[in-house]
Structures are given as C-alpha cells and as structure tokens.
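Undergrad: generate a structure from the sequence data that follows.
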Amino acid sequence: MLEVLRGRGLTEVLAVVSRYFGGVKLGAGGLVRAYGGAVSAAVAEAGTVELAVWPRLLVRVDYGTAGSLEGLLRLREDVRLGEVSFGEVVTFDLACADAELLAAWVAGQSGGAAEVEPAGSVRVEL
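TA: This next block holds a predicted model:
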C-alpha cells in the first residue's frame, strides 16, 4: 500500500484497507496485490490535488475602492481570496503566491491607499 502511494509521489495521505476475512487463501503475494490494487483504485477514483504554502495577507481598503479591488483580486490566478470583512474599512483575507509582488500591485490599484499586513501563511490547492 505504501509503495503505491510512494510510486505516485503522494505525501500527507493515509490509506486504510479493512480486511473482513482472516483466512490465508490469497497468500502473502495475493494480499500484497489485493491491497495495492485497492489503494491504486481508490487514488484513481478520488484524484489528487497539489498543495503549496503561500503567504497570507490582510488587505484593508476604503469602501470606495473595495468593489473594484475585489473584482480584480478574484481574476488573479496567483491569489486565493478568503473572507471579506466589512467594518470601518473593508478587509480582504487572502493568500498569494508572491506577497511583495501583490502588495505592489494592490498599492497601484488603490492609489497607495490600501494597507497590506502580513498574516502568516496558509496551505492552498493549486
């Protein structure tokens, strides 16, 4: 089972096979083939995703800028927009591939009025 996962380059995954019959009819080789086949079929059925760790940012802008900025952020493939909070200002919680590049882009889109604050990192599906 582990060799199937390793052979497909999978990490951070768990495979479990439940065995209902305790006999020895299949033999050791038969069990290896059966378990490996079950894991291979399960991976093929479930599919896989690639994960990456991206910087997380909090971007704060005024209401006048928020609508257009949100629309532009949603179009970017290098941004994963999370929660949008509406308080005194609008706060976008997002992850991006390159924090410095995005901060410069946000500054340009907001005329320098946006506040960008690093907020750690987050795992994202690519």
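
Undergrad: just the helices in the chain please.
TA: 2-7, 27-46, 63-75, 99-109 (DSSP state H).

Undergrad: and of those helices, who's closest to residue 52?
TA: helix 99-109 (13.4 Å; C-beta to C-beta). Glycine gets a C-beta too; all of them are placed from N, C-alpha and C.

Undergrad: so that closest one versus helix 63-75, what angle?
TA: 130 degrees (axes from the mean of the first three to the mean of the last three C-alpha atoms, to 10 degrees).

Undergrad: which other residues reach helix 99-109?
TA: By C-beta atoms under 8 Å, 6 or more residues apart in numbering, the list of residues contacting helix 99-109 from outside reads 55, 57, 59, 65, 68-69, 72, 78-79, 96, 114, 116, 118.

Undergrad: also stretch 83-98?
TA: Stretch 83-98 is contacted by residues 52, 54-63, 66, 69-70, 73, 76, 78-82, 102, 119, 121-122, 124 when judged by C-beta under 8 Å, 6+ apart.

Undergrad: start and end of that stretch, how far apart?
TA: 19 Å (C-alpha to C-alpha, to the nearest Å).

Undergrad: and what of stretch 15-31?
TA: Stretch 15-31 has an end-to-end distance of 15 Å (C-alpha to C-alpha).

Undergrad: which positions in it come out as buried?
TA: With burial defined by 16 or more other C-beta atoms under 10 Å, the residues of stretch 15-31 counted as buried are residue 15.

Undergrad: show me the contact partners of it.
TA: 1, 2, 4, 5, 34, 35, 38, 39, 42.

Undergrad: ok, 7 Å please
TA: With C-beta atoms under 7 Å, 6 or more residues apart in numbering as the test, stretch 15-31 has contacts from 1, 5, 34, 35, 38, 39, 42.

Undergrad: thinking again about what came up before, which one of the helices of the chain has the lowest average pLDDT?
TA: Looking over the helices of the chain, mean pLDDT reaches its minimum on helix 27-46, with a mean of 89.

Undergrad: how many residues are close by residue 35?
TA: When neighbours are defined as other C-beta atoms under 10 Å, residue 35 has 17 of them.

Undergrad: could you list every residue that touches it?
TA: So, once contact is read as C-beta under 7 Å, 6+ apart, residue 35 ends up touching 1, 17.
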